[in-house]
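**Student:** 3D model of this:
(one chain, ligands or ions: 1)
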Amino acid sequence: MAATQPRNVLVTGGNRGIGLAIARALVDAGDTVLITHRSGEPPEGLRGVRCEVTDSASVDAAFTEAEEIFGGPVQVLVANAGITRDTLILRMSDDDFDAVIDTNLTGAFRCVRRAAMGMVRQRYGRIVLISSVVGLLGSPGQTNYAASKSGLIGLARSITREVGGRGITANVVAPGYIDTEMTAVLPDEQKKAYLDTIPARRFATPEEVAGVVRFVASDDAAYISGAVIPVDGGLGMGH
Ligand code: NDP
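**Tutor:** Below you'll find the predicted structure:
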């Protein structure tokens, strides 16, 4: 099912990194885009609504504000907000585990649940969940992060089964290593070790992830749902 452009797009955590690149790519595609941010002002040229994805009331308020600005429901949701809190399992506290699940997985669920109302009514929707190659391959020191990111796959596939008949698709985009603030903090020797395992022998730019999200959210991808699309330079290799 198609929607006329501009569509109403909400990108969580769109104030920086991959989310910002996605927001800009969808603006370029002709959509009306709002980003969510927690503090400060939205980046130049973009409008934002405040949203803390760990808080259902904040998510609800952000969607209500977005709907007022759009004059209609959110038609494309990109659930991108995410955090890491890496440490080996023997040292991982309940709080380290819970915080990452609450932001990355439950946060995406809260946004999808709120977005689904309007999408079901409109019989149109594009839901894109930003996962990670780590959700498929696992990674030492990232049990919390990997669990949250693989959980997004079950979320997207169940959404597809629930509302796939109403013109709504739900897909997962799984980036590999992308040059953002999240990876800038990695020690140099760890970056080098990662580079050695990536067939492309480089990290990607946020724009390379954004282009794939733009496609998955487009009408050309209307028959793709419940899919996991890697953007990882070959690192996941079919997983
Ligand atoms: P950044 O750390 O650069 O940005 C994270 C974004 O998420 C920020 O906008 C941040 O907001 C927002 N955010 C974090 N917690 C919350 C919260 N509780 N409520 C609302 N917003 C929140 O990360 P990236 O751009 O690198 O990553 C974006 C997504 O891509 C994440 O889900 C990440 O897991 C995933 N990813 C990243 C990879 C990489 O190599 N960089 C690889 C694979 C996946 P604020 O500015 O307020 O902190």
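**Student:** which helix in this structure has the most residues?
**Tutor:** Across the chain, the helix with the greatest residue count (assigned by DSSP state H) is helix 143-163.
**Student:** so which elements touch that one?
**Tutor:** Helices and strands touching helix 143-163, by 3 or more C-beta pairs under 8 Å, 6 or more residues apart in numbering; DSSP states H and E, are helix 94-101, helix 107-122, strand 125-130, helix 134-137, strand 168-175. Quick note: C-beta positions are derived from backbone N, CA and C, even for glycine.
**Student:** redo these as CSV? Include mean pLDDT, mean neighbour count and distance to Gly151.
**Tutor:** Formatted as CSV, the entries for the helices and strands packed on helix 143-163 read as follows, by pLDDT from 0 to 100; neighbours: other C-beta atoms under 10 Å; distance: least, C-beta to C-beta, whole Å:
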stretch, mean pLDDT, mean neighbour count, distance to Gly151
helix 94-101, 98, 15, 7
helix 107-122, 98, 20, 9
strand 125-130, 98, 27, 10
helix 134-137, 96, 22, 8
strand 168-175, 98, 26, 10
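**Student:** how about these, which one is nearest Ala29?
**Tutor:** Closest to Ala29 of the helices and strands packed on helix 143-163, according to C-beta to C-beta: strand 125-130, at 11.7 Å.
**Student:** around the ligand, pick out the residues from the protein.
**Tutor:** Residues of the chain lying close to the ligand (C-beta under 6 Å from any ligand atom) are 12-13, 15-19, 37-39, 51-54, 80-83, 103, 107, 130, 132, 175, 177-178, 180-183.
**Student:** just the buried ones from those?
**Tutor:** Buried subset of those (neighbour count, 16 or more other C-beta atoms under 10 Å): 12-13, 15-19, 37, 51-54, 80-83, 103, 107, 130, 132, 175, 177-178, 180, 182.
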